[in-house]
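Asker: only geometry, no sequence info:
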């Protein structure tokens, strides 16, 4: 069964310095019909203006993953990490017992466009931790590249949840396939471009909740990039 979450149906807020879209209820956007999907709790697509950002704030008991599409995002946290996230880099923060961080667009002239996604952890109260890794374009082209998993398989980042996260870039007409064992679910987020999933067409920023399906074929209807979550 497929349930489409169209880009145009998401929650939206424009704060001037921040233009943000919420797939699920977040901040001032509340929709009881869209509170999350399985372990997924937040999928935010954010555009932050040059020289602006999120001041220091706290999180706890959440797995937070970020992926930049355009521009750069500077990160600093209470664990002592300081880095800049660029396109092609995937970031994972396990907030656990509690951590504080800031996110800032370091450019004086260009905006940053990125996704931030929260997943509920398998266990609360873990030690906070941080990982960041670059995945080259050729690793994602025409294949599903595992970028996060419970055990760090295949050089992926480790996530504290029974979830696997994949990235893929597709040329027009190019396809990738993914098998879902019984009892598994999936969420597909179209980061850019257009794709077809088992004949269902999705556009940029659309999401797709997948239940009771055992096979997915994702085809680029034009040049596209997708993020796929395999979920318990």
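Answerer: Structure received. No experiment lies behind these values; they were computed from the predicted model shown.

Asker: Break the protein down into its domains, please.
Answerer: 11-134, 137-231 (automatic domain parsing).

Asker: what does the average pLDDT come to for the shortest one?
Answerer: What domain 137-231 shows for mean pLDDT is 97.

Asker: do you know how far the closest residue to residue 158 other than its chain neighbours is from residue 216?
Answerer: Leaving aside its chain neighbours, residue 158 sits nearest to residue 152 (4.2 Å; criterion: CB to CB, 6 or more residues apart in numbering). (C-beta placed from N, C-alpha, C; glycine too.) Distance, residue 152 to residue 216, using CB to CB, to the nearest Å: 24 Å.

Asker: Look at the two and report which has more neighbours.
Answerer: residue 216 (20 against 13; other CB atoms under 10 Å).

Asker: And that one, how close does it get to residue 230?
Answerer: 10 Å.

Asker: Just list the residues touching the spatially most central residue of the chain, thanks.
Answerer: For the chain, the residue nearest the mean C-alpha position is residue 117 (4.6 Å; CA atoms, centre = their mean). Residue 117 is in contact with 40, 42-44, 64-67, counting by CB atoms under 8 Å, 6 or more residues apart in numbering.

Asker: likewise residue 68?
Answerer: Neighbours of residue 68 in contact, by CB under 8 Å, 6+ apart: 85-87, 89, 112-114.

Asker: Where neighbours are concerned, which of the residues you listed has the most?
Answerer: Counting neighbours by other CB under 10 Å, residue 112 comes out on top of the contacts of residue 68 with 26 neighbours.

Asker: any idea how far residue 192 is from the nearest residue to that residue once chain neighbours are set aside?
Answerer: With CB to CB, 6+ apart as the criterion, residue 112 has its nearest non-adjacent residue at 3.3 Å, and that residue is residue 71. According to CB to CB, residue 71 and residue 192 sit 14 Å apart.

Asker: Show me which residues of stretch 89-104 are buried.
Answerer: 89-96, 99, 101, 103-104 (16 or more other CB atoms under 10 Å).

Asker: hang on, residue 16 in a helix?
Answerer: No - using DSSP: H, G, I helix; E, B strand; the rest coil, the secondary structure at residue 16 is coil, not a helix.
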